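Novice: have a look at this prediction, sequence included:
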Amino acid sequence: MNSNLSIFGVLFLIFILGCEEPTTLKVDIREGSEAWRLVVDEEPFFVKGAGGSRYFERLEDAGANAIRTWDANRAGEILDSAEAHDLKVMLGLWVQHERHGFNYKDYGAVQKQWEEFREVVIKYKDHPALLLWGVGNEVGFNRRNLETIEAVDDIAKMIQDLDHVHLVTTVTAGVQREEIPVIMQYAPHIDFISVNSYGDIGKVDDSLSAYGYDGPYLITEWGPDGFWESDTTDMGAPIEQSTNEKERLYYQRYMDHILNEPRCMGSFVFLWGQKQERTHSWFGMFDETGRPYGTVKAMEQAWNEEPFEAVTAQIRELKVEGRPFTPSATLVGGIVASVEVEGEFEPGAKIRWELYSESTAKSTGGDPEDKPQPAPWLEKGLIPTQALMLTPDTSGAFRLFVTVEQNGYLSSMNVPFNIIREY
């Protein structure tokens, strides 16, 4: 009697477990009559995401539904936090780059990388917040050997063997001959291509078609014009767009080249955080202390398909000694220069001035950079909209920043300029 009850109990337990709903949702791609879409548990999922690993509550409140990482560092913590804020995760696997010295002809090193990724996939493949696997970021940029792309495909195949629920993509540096056709030929296990694009975002769709790719895609990084595609001063310093320019640009690029491109399944705006890349304000949508720039509000309006409305202080221009202070301006060393900011500022707006040596970084592809040292010869003026510079009696390249905080958002403008010695 007891034996029969025991068998019945086991069978009942198996039945109950078999009836439980799976926590991992099936992710697929569907080509509709009007557009391609990711599908999560049979429901269309247009990716409204950002790249980063912080400020999840702010991201959720803004109407986004996903975040992207470039590697699997802190993967468990990020996935758990994303789930708590109703966000899905494109989890990156940082495939090493040849341009950083990795040798894809070294079988042992390639195998070790593959095995490390296999452990990550086994550990996190069933997490309910997981949306996609991103195998490599711009791995084909400046590559030398086909083994690089073949290694990406080996990783993708391994993921598909272990994980029958989630899709696999790889991310390219724009749309280039050295990446797109090669991925199509040598990486058949990649489910679809993802693209990082900035100033050329409006050309992505046509460029992919020109190289023979007619499938769906994600834009996995985008934002303002990059420093590599911007105008420069006579001394070669890149000219950064102001926050006011970026706000309108982010909103319009999303509407024109993401939301309304039939093959585009969504995007991850860059960067939901802060980093030094030529300047400390170029790509980051937050400052070092976590305060949002106006681009955060612009994306909230875009994700929710609301009309664009600027809420930041509108900075019109900087002046030095009463004259427009423009990129390539030259000041004489050893004098006191008065600089002022003009614009539309509400009562209570906070104004911050910063002065740095111009960055000498030559890095590419988002590689780490050191922040330049602040120049010690910037002083407050008599009013908040004014600052004073006692220029050193030497030659050099510098960059002056003004940032205005208003309505909870930051608005910034900077001017690269030169100092020459007076002989």
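Specialist: Right, received. Where do you want to start?

Novice: quick check: residue 337 vs residue 188, distance?
Specialist: 61 Å (CB to CB, to the nearest Å). The C-beta positions use only the backbone N, C-alpha and C, and glycine is treated the same way.

Novice: settle it for me: which of the two has more neighbours?
Specialist: Taking neighbours as other CB atoms under 10 Å, residue 337 and residue 188 compare with residue 337 leading, 18 against 10.

Novice: beta partners of the more buried one?
Specialist: On the basis of DSSP bridges, residue 337 is bridged to residue 389.

Novice: going forward can the numbers begin at 53, since that is how I track them
Specialist: Yes, from this point I'll number from 53; that puts the last item at residue 389.

Novice: need the contact list for it.
Specialist: 372, 373, 383, 440, 441, 443 (CB atoms under 8 Å, 6 or more residues apart in numbering).

Novice: and for the first one, the neighbour number?
Specialist: Residues within reach of residue 372, counting by other CB under 10 Å, total 18.

Novice: kindly state the beta-bridge partners for it.
Specialist: Applying DSSP bridges, one finds that residue 372 bridges with residue 375, residue 391.

Novice: who touches it in this structure?
Specialist: Going by CB under 8 Å, 6+ apart, the list of residues near residue 372 reads 381, 383, 389, 390, 391.

Novice: gap between the fourth one and residue 240?
Specialist: Applying CB to CB, one obtains 64 Å for the distance of residue 390 from residue 240.

Novice: try the last one
Specialist: Remark: distance between residue 391 and residue 240 (CB to CB) = 58 Å.

Novice: residues contacting the closest residue to residue 226 other than its chain neighbours?
Specialist: Counting by CB to CB, 6 or more residues apart in numbering, residue 226 lies nearest to residue 249, which is 5.4 Å off, once chain neighbours are set aside. By CB under 8 Å, 6+ apart, the residues touching residue 249 are 226, 227, 255, 256, 271, 273, 274.

Novice: and if you look at residue 316?
Specialist: 88, 256, 257, 268, 269, 270, 271, 309, 310.

Novice: which stretches of the stretch 353-475 of the chain have low pLDDT?
Specialist: Where the stretch 353-475 of the chain drops to pLDDT under 70, the residues are 475.

Novice: try the stretch 103-252 of the chain
Specialist: For the stretch 103-252 of the chain (pLDDT under 70), the answer is none.

Novice: so where do the helices sit in it?
Specialist: In the stretch 103-252 of the chain, the helices defined using DSSP state H, counting those that start in this stretch lie at 108-113, 127-136, 159-176, 199-214, 232-238.

Novice: among the ones you listed, which is the most enclosed?
Specialist: helix 199-214 (a mean of 19; mean count of other CB atoms under 10 Å).

Novice: quick one: that helix to chain centroid distance?
Specialist: 24 Å (CA atoms, centre = their mean, to the nearest Å).

Novice: report all helices and strands that it contacts.
Specialist: With contacts defined as 3 or more CB pairs under 8 Å, 6 or more residues apart in numbering; DSSP states H and E, the packing partners of helix 199-214 are helix 159-176, strand 182-189, strand 219-225, helix 232-238.
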